[in-house]
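K.L.:
next comes the sequence, and after it the predicted model I'd like to discuss.
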Amino acid sequence: MKPIDSAVRTGTPEFRRRYAHNKGLAAALKLRQEATRNQRPARDLERLASQGKLLPRQRLELLLDPGTPFLELSGLAANMAYGGESPGASSITGIGIVSGREVLIRADDPTVKGGAWYPLTVKKIVRSLDIAIENRLPVVHLCDSAGGQLQLQSALFPDRYMAGRIFRNQSVLSKMGVKQLALVFGHCTAGGAYIPALSDYNVIVRGTGAVFLGGPPLVKAATGEVVSADELGGCDLHTRTSGTCDYPAASEPEAIAIGREVVAQWERQEKWLKPDAASEPPLLDPDDLYGILPDDIKQTFDMREVIGRLVDGSRFHEYKPAYGTTLVCGFAHLWGYRVGILANNGILFNDSAIKGGHFIELCNQNNTPLLFLQNITGYMVGREYEAAGITKDGAKMIMAQSCSHVPKLTVMCHGSFGAGNYGMCGRAFDGRLLFSWPNHQIAVMGGEQAAGTLAEVKIRQLQRAGAAVDPEVIARLRAETLRAYEEQTSAYYSTSELWDDGILDPLDTRNALGIALSAALNAPPGTPGNGVFRF
């Protein structure tokens, strides 16, 4: 397998312009991440300190094995929701190493409204437990939550994927034999009480930890009983009397130490696929990615240049290189693991859709995990292409991808528009993990196309009604549509709504994919098989 022959020329004005633009996007991302992780009002920090509590990231640092990586997921969730009052959706989730075991960690953030759950907090927790189920990852819960945001209860309580799904997912994990540990640092109120109760093991901190279905205010309102939080659901009650909790701890560091001892007893998960080559860094410089990516969403670039800066030794065996050239397919190694890569080099035509479906089948035949690198404007439209069967051919690719039994990972490298998002394993298609880059945009179509479509529909409506077509009305409609698309297609809106598992600096992508791929290989591949292909 030969290294990719790069055509990038780093000294050109275009490269330098793109480099400055994308380097700036990466720097802005890091500033947002820093603010979300660490900037809190002084009163909230003082409140935790007065209670003898650690900050959530201090807890995380004590829990993780020293010097090991932590892949934080959905770190900027809710960044464009609730007026910015729920940074990170009031929680931390990610994949890390505890006592030598790969685990998923889910932590409440008591620096934000006492750790109260917003609707997007619930969505983030449910997603984290979905990841645990799909990848058979043990879970460590760091519990410290005031319960649900009562003013928003209708958006976090009753529906299928709301708070009840957290406890359903915990029950499914237990049925699967995937272990869970809860460390109770603060209050676990109402539904939150079920998190330690449904965990296989739990530890509770004396004096600050508490577990109860109804806290003291609710108990007083409902029954008239006056009782303290510690009397109602504290450490001694639950470790000595009720049996709801297993281990008492005198402090948070002690609770974490006990937790690490518990995890150390867990059997190690056997991965179903092991590296079949020595890992090596890319031969091509990953820093070039900043100058390869365009500074305009409508501009094209060669995805081979991206592949060459992600994979081991920049080596890539391209499949059908002369056929369906708007989709690049081929085999490579990532941290020593073999992968099959599908990357868009433009719009998907009939031949590229057929090629993609065929390549997915080959990867499934060989139990090779799939990596999708999205830069897609959609499948080709028009009478000529419909007559040639573009809908049928696109459906074949979607069918092959949907029914794939090997793990799938996705990176949104640039644009993701229309049904091309579906064929290339968008959010709806159960990829194990999906990441975005800061330049990413996503929508059913581009903003200009949407504005033009709505303007055309409006003009036809007016004409059918016999009304005059006012150019100012049409111009206003176009402008409003473009403004809405500009906000809602951005990577930050997408990650705010948890349409991805986090925005990555392009230079961090190789490491993130290595952790994601390793985690994905804890779960055995699914059952081979497909639905009906329309030939």
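P.N.:
Perfect, thanks for sending it.

K.L.:
where are the low-confidence patches of the stretch 351-500 of the chain?
P.N.:
445-447, 485 (pLDDT under 70).

K.L.:
show me where it has helices.
P.N.:
383-387, 390-402, 420-423, 447-464, 471-488, 491-496 (DSSP state H, counting those that start in this stretch).

K.L.:
now, of those helices, which is deepest in the fold?
P.N.:
Of those, the one with the most neighbours on average (mean count of other CB atoms under 10 Å) is helix 420-423, at a mean of 25. Where C-beta positions appear, they are placed from N, C-alpha and C, glycine not excepted.

K.L.:
from the contact counts, what lies against that helix?
P.N.:
Where contact means 3 or more CB pairs under 8 Å, 6 or more residues apart in numbering; DSSP states H and E, helix 420-423 is packed against strand 370-376, helix 390-402.

K.L.:
which residues sit against that helix?
P.N.:
Applying CB atoms under 8 Å, 6 or more residues apart in numbering, the contact partners of helix 420-423 are 344, 347-348, 353, 356, 374, 376-379, 394, 397-398, 401, 428-429, 442.

K.L.:
likewise for stretch 143-162?
P.N.:
53, 56, 107-110, 113-119, 121-123, 126, 163-164, 182-192, 195-196, 209, 215.

K.L.:
quick one on the thing from earlier: so for residue 301, which of the helices and strands packed on helix 420-423 sits nearest?
P.N.:
Comparing the helices and strands packed on helix 420-423 against residue 301 with CB to CB, the closest turns out to be strand 370-376 (7.6 Å).

K.L.:
pairing partners for the closest one, with directions?
P.N.:
Sheet partners assigned to strand 370-376 using DSSP bridges are listed as strand 337-344 (parallel), strand 408-417 (parallel).

K.L.:
centre of the chain to it, how far?
P.N.:
15 Å (CA atoms, centre = their mean, to the nearest Å).

K.L.:
next, the buried residues of that strand.
P.N.:
The neighbour-count check on strand 370-376 (16 or more other CB atoms under 10 Å) flags 370-376 as buried.

K.L.:
kindly list the longest helix within this structure.
P.N.:
helix 13-38 (DSSP state H).

K.L.:
before we move on, the earlier item: quick one: closest of the strands paired with strand 370-376 to residue 177.
P.N.:
Of these, nearest to residue 177 by CB to CB is strand 408-417, at 23.8 Å.

K.L.:
about what we covered before: how distant is the next helix or strand after the longest helix of the chain from the center of its chain?
P.N.:
Sequence-wise, the next helix or strand downstream of helix 13-38 (DSSP states H and E) is helix 42-50. In this view, helix 42-50 has its centroid 30 Å away from the chain centroid, taken as CA atoms, centre = their mean.

K.L.:
and helix 42-50, what's buried?
P.N.:
For helix 42-50, by 16+ other CB under 10 Å, it's 44, 48.

K.L.:
dump that helix to CSV, restricted to CA.
P.N.:
Extracted C-alpha coordinates of helix 42-50, given in CSV (Å, rounded to 0.1, in the frame of the first residue of the first chain):
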residue,chain,number,x,y,z
ALA,A,42,-17.7,33.1,41.6
ARG,A,43,-20.7,32.5,43.8
ASP,A,44,-21.2,29.0,42.4
LEU,A,45,-17.5,28.1,42.9
GLU,A,46,-17.7,29.5,46.5
ARG,A,47,-20.9,27.5,47.2
LEU,A,48,-19.2,24.2,46.2
ALA,A,49,-16.0,25.1,48.2
SER,A,50,-18.1,25.9,51.3
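
K.L.:
check which element follows that helix along the chain.
P.N.:
Per DSSP H and E, the first helix or strand lying C-terminal to helix 42-50 is helix 56-63.

K.L.:
show me what that next one is packed up against.
P.N.:
Helix 56-63 sits against strand 91-98, strand 101-108, strand 139-145, strand 180-189, helix 252-264, with contacts defined as 3+ CB pairs under 8 Å, 6+ apart.

K.L.:
which stretch among the ones you listed comes nearest residue 276?
P.N.:
Across the helices and strands packed on helix 56-63, closest to residue 276 is strand 101-108 (CB to CB), at 19.8 Å.

K.L.:
check which helices and strands the closest one is in contact with.
P.N.:
Going by 3+ CB pairs under 8 Å, 6+ apart, strand 101-108 lies up against helix 56-63, strand 91-98, helix 119-135, strand 139-145, helix 252-264.

K.L.:
of those, which is nearest residue 468?
P.N.:
Comparing the helices and strands packed on strand 101-108 by CB to CB, helix 119-135 comes nearest, at 44.3 Å.

K.L.:
and the angle for the closest one with strand 91-98?
P.N.:
Angle between the axes of helix 119-135 and strand 91-98 is 30 degrees (criterion: axes from the mean of the first three to the mean of the last three CA atoms, to 10 degrees).

K.L.:
does residue 396 touch residue 355 like I think?
P.N.:
No - with contacts defined as CB atoms under 8 Å, residue 396 does not count as touching residue 355, sitting 10.5 Å away.

K.L.:
what's the mean pLDDT across stretch 46-56?
P.N.:
The average pLDDT for stretch 46-56 rounds to 95.

K.L.:
show me what that stretch is in contact with.
P.N.:
Contacts of stretch 46-56 (CB under 8 Å, 6+ apart): 45, 62, 92, 107-111, 142, 144, 185-186, 207-208, 251-253.

K.L.:
cutoff 10 Å now
P.N.:
With contacts defined as CB atoms under 10 Å, 6 or more residues apart in numbering, stretch 46-56 is touched by 37-38, 40-41, 44-45, 58-62, 88, 90-92, 107-112, 114-115, 142, 144, 185-186, 205, 207-208, 251-253, 256.

K.L.:
of those, buried ones?
P.N.:
The neighbour count (16+ other CB under 10 Å) marks 37, 44, 59-60, 62, 88, 90-92, 107-112, 114-115, 142, 144, 185-186, 205, 207-208, 251-252, 256 as buried among the contacts of stretch 46-56.

K.L.:
all helices for the stretch 151-300 of the chain, in order.
P.N.:
Assigned by DSSP H, counting those that start in this stretch, the stretch 151-300 of the chain shows helices spanning 163-176, 194-198, 216-223, 229-233, 235-236, 252-264, 289-292.
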